[in-house]
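S.K.: Sequence plus predicted model, see below.
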Amino acid sequence: MKPIYSLSIIASLAMLLSACHGHGHAPAPAIIDEQIPVTLVPVGTQAKQQPIQASGQFTTEDETMLSFKTGGVVDRILVKEGDRVRKGRLLATIHLTEINAQVRQADLTYQKAERDHARWASLFRDSVGTLEQVQNAQTTLSIARQQLGAARFNRAYAEIRAVSDGYVLKKLVGEGQMIGPGEPVLQINGARQTGWRLKVAVSDKEWSEIEMGAVAEIETDALAGQILKGTVLRKSKGTDAATGTFAVTISVQDGRSEALAAGLFGKAKIYAGGKSSTSTIPYDAVLDGDGADAYVFTTRDNRTAQKRKVKVGNIVHGTVTVIQGLETETAVIVAGNAYLKDGATIKVIK
């Protein structure tokens with residue numbers, strides 16, 4: 001019986017050792033995610049003035065259509081388009097044959113009325129004529145005097161003279177052409193007096209942002225490579241019925257240049273006074289750049305990293321301008337960002 005007892009003891013020991021061995025290989029407890037050390041850099045801000053871009057045509061404040069007071073046949077046009085003129089210069093005339101005849105006829109009528117009035121006044125003094133006859137003669141004389149003055153006035157306006165210093169913009173008729181009273185013959189402006197204006201069209205939002213006196217930069221193909229300075233002179237108080245836009249008139253400070261002409265196309269950048277903020281961050285904070293798109297890591301609680309998509313602008317001396325994407329962020333991760341993923345646990349190293 002003794003050997004059997006020994007075998008039982010041996011079997012029990014074997015089972016105990018087996019149990020102990022299995023307990024040593026139990027599952028290990030979960031390991032907490034490792035914190036990645038990082039360094040933060042504050043997001044800088046920089047004010048950037050955004051110009052309003054608009055286009056339009058050059059003009060002046062005093063463009064004028066010139067015409068003859070009376071109709072007739074155009075005799076001479078003494079200027080051509082683009083000519084500079086001075087105030088009082090003779091620009092055009094019409095044939096005076098008919099007008100001179102009207103003046104002569106009115107003059108003769110006036111002379112006859114003078115004689116008639118003198119005769120009736122003499123007869124009245126001799127008690128031969130009546131007071132009514134004298135008064136009628138006086139009325140006829142006054143009418144004749146007015147008709148003579150009107151005929152002479154019409155003859156004075158049978159020629160066109162420049163009303164101010166400026167330029168001839170358009171010649172609308174030719175010599176020998178028959179025209180009616182008031183029909184436009186020439187168009188001139190006073191650019192040499194008041195300077196050039198650029199009239200541009202803007203939207204309602206842009207109109208509300210533009211301030212009187214705002215600075216503008218103007219370009220035109222007529223002055224390639226040159227930038228003209230200007231200021232906002234006037235803002236319209238209503239929209240254009242055809243386009244639905246507002247008109248803004250810019251006074252061109254360099255507008256006395258002879259290279260400009262009415263109707264030329266111009267483009268303006270108007271610095272309305274409003275500013276928008278952009279962010280600046282170190283170059284090392286930017287990852288995965290692709291053109292204007294890139295990514296950065298930020299944190300708001302100093303424990304978790306968030307991956308942000310941003311739009312970048314200029315890179316100057318190791319500093320990147322971020323146009324969009326960091327409006328609500330105060331800091332970005334620089335050191336350690338290459339080992340991060342979105343939502344990673346971080347430890348901020350001061």
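M.R.: Happy to help now that I have it. Numbers count the residues shown, from 1 in each chain.

S.K.: going forward, measure contacts between C-alpha atoms and count neighbours the same way
M.R.: Will do.

S.K.: Please pull up the helix or strand immediately following the lowest-mean-pLDDT helix or strand in the chain.
M.R.: Ranked by mean pLDDT, DSSP states H and E, the weakest helix or strand in the chain is helix 2-23, scoring a mean of 42. Once the chain leaves helix 2-23, the next helix or strand it forms, by DSSP states H and E, is strand 36-38.

S.K.: In space, not sequence, find me the middle residue of this structure.
M.R.: Closest to where the C-alpha atoms of the chain average out (C-alpha atoms, centre = their mean) is residue 54, at 3.7 Å.

S.K.: Near the residue lying closest to that one once chain neighbours are set aside, how many other residues are there?
M.R.: Take residue 54 and drop its neighbours on the chain: the residue closest to it by C-alpha to C-alpha, 6 or more residues apart in numbering is residue 268, 5.4 Å away. Neighbours of residue 268 under the rule other C-alpha atoms under 10 Å: 24.

S.K.: Helix or strand: which one has residue 268?
M.R.: strand 265-271.

S.K.: Which elements pack onto that strand?
M.R.: strand 52-59, strand 215-219 (3 or more C-alpha pairs under 8 Å, 6 or more residues apart in numbering; DSSP states H and E).

S.K.: Nearest to residue 124, out of those strands?
M.R.: Counting by C-alpha to C-alpha, residue 124 lies closest to strand 52-59 out of these; the figure is 65.9 Å.

S.K.: element containing the nearest residue in space to residue 295 that is not next to it in sequence?
M.R.: Among residues not flanking residue 295 along the chain, residue 309 sits closest, at 4.5 Å (C-alpha to C-alpha, 6+ apart). Using DSSP H and E, residue 309 sits in strand 306-316.

S.K.: Mind checking what helix or strand follows that strand in sequence?
M.R.: Counting by DSSP H and E, what follows strand 306-316 is strand 319-324.

S.K.: just to revisit the earlier point, and the angle for the strand holding residue 309 with strand 319-324?
M.R.: Using axes from the mean of the first three to the mean of the last three C-alpha atoms, to 10 degrees, the inter-axis angle of strand 306-316 relative to strand 319-324 is 120 degrees.

S.K.: buried ones in strand 306-316?
M.R.: Buried residues in strand 306-316, counted by 16 or more other C-alpha atoms under 10 Å: 306, 307, 309, 310, 311, 312, 313.

S.K.: just stretch 85-105 next, same as before
M.R.: 85, 91, 92, 93, 94, 95, 96, 99, 102, 103.

S.K.: Mind listing the residues bridging to the fourth one?
M.R.: Looking back up the chat, that one is residue 93. residue 76, residue 159 (DSSP bridges).

S.K.: hmm, back to that, the residue nearest to residue 54 and residue 174, how far apart?
M.R.: As defined by C-alpha to C-alpha, to the nearest Å, residue 268 lies at a distance of 37 Å from residue 174.

S.K.: Of the buried residues of stretch 85-105, just say which sits nearest to residue 344.
M.R.: Residue 344 has its nearest neighbour among the buried residues of stretch 85-105 in residue 85, at 78.0 Å by C-alpha to C-alpha.

S.K.: So for that closest one, what pLDDT did the model give?
M.R.: Predicted confidence (pLDDT) for residue 85: 87.

S.K.: Tell me if I'm right that it and residue 162 touch.
M.R.: Yes. Contact criterion C-alpha atoms under 8 Å: residue 85 and residue 162 qualify, at 6.9 Å.

S.K.: Can you tell me the strand partners of the strand holding residue 309 and which way each runs?
M.R.: Strand pairing (DSSP bridges) places strand 306-316 next to strand 293-298 (antiparallel), strand 319-324 (antiparallel).

S.K.: Next, the buried residues of the last one.
M.R.: Put plainly, it is strand 319-324. Buried-residue list, strand 319-324, by 16+ other C-alpha under 10 Å: 320, 321, 322, 323.

S.K.: what does stretch 290-303 give?
M.R.: So for stretch 290-303, counting by 16+ other C-alpha under 10 Å, buried means 293, 294, 295, 296, 297, 298, 299.

S.K.: And the residues you listed, which two are furthest apart?
M.R.: 293 and 299 (19.8 Å).

S.K.: All the strands of the stretch 51-200 of the chain, residue numbers only.
M.R.: Ranges of strands within the stretch 51-200 of the chain are 52-59, 64-67, 72-77, 84-85, 90-94, 159-161, 166-171, 178-179, 184-189, 197-202, based on DSSP state E, counting those that start in this stretch.

S.K.: among these, which is nearest residue 261?
M.R.: strand 52-59 (6.8 Å).

S.K.: and residue 57, what does it touch?
M.R.: Applying C-alpha atoms under 8 Å, 6 or more residues apart in numbering to residue 57 gives the contacts 198, 199, 200, 262, 263, 264, 265, 266.

S.K.: ok, now residue 307?
M.R.: Contacts of residue 307 by C-alpha under 8 Å, 6+ apart are 295, 296, 297, 298, 341, 342, 343.

S.K.: swap the cut-off to 10 Å and go again
M.R.: Contact partners of residue 307, counting by C-alpha atoms under 10 Å, 6 or more residues apart in numbering, are 287, 295-299, 332-333, 337, 340-344.

S.K.: And the residue nearest to residue 44 when sequence neighbours are not counted, how close does it get to residue 212?
M.R.: Among residues not flanking residue 44 along the chain, residue 280 sits closest, at 4.8 Å (C-alpha to C-alpha, 6+ apart). From residue 280 over to residue 212 the distance is 32 Å, taken as C-alpha to C-alpha.
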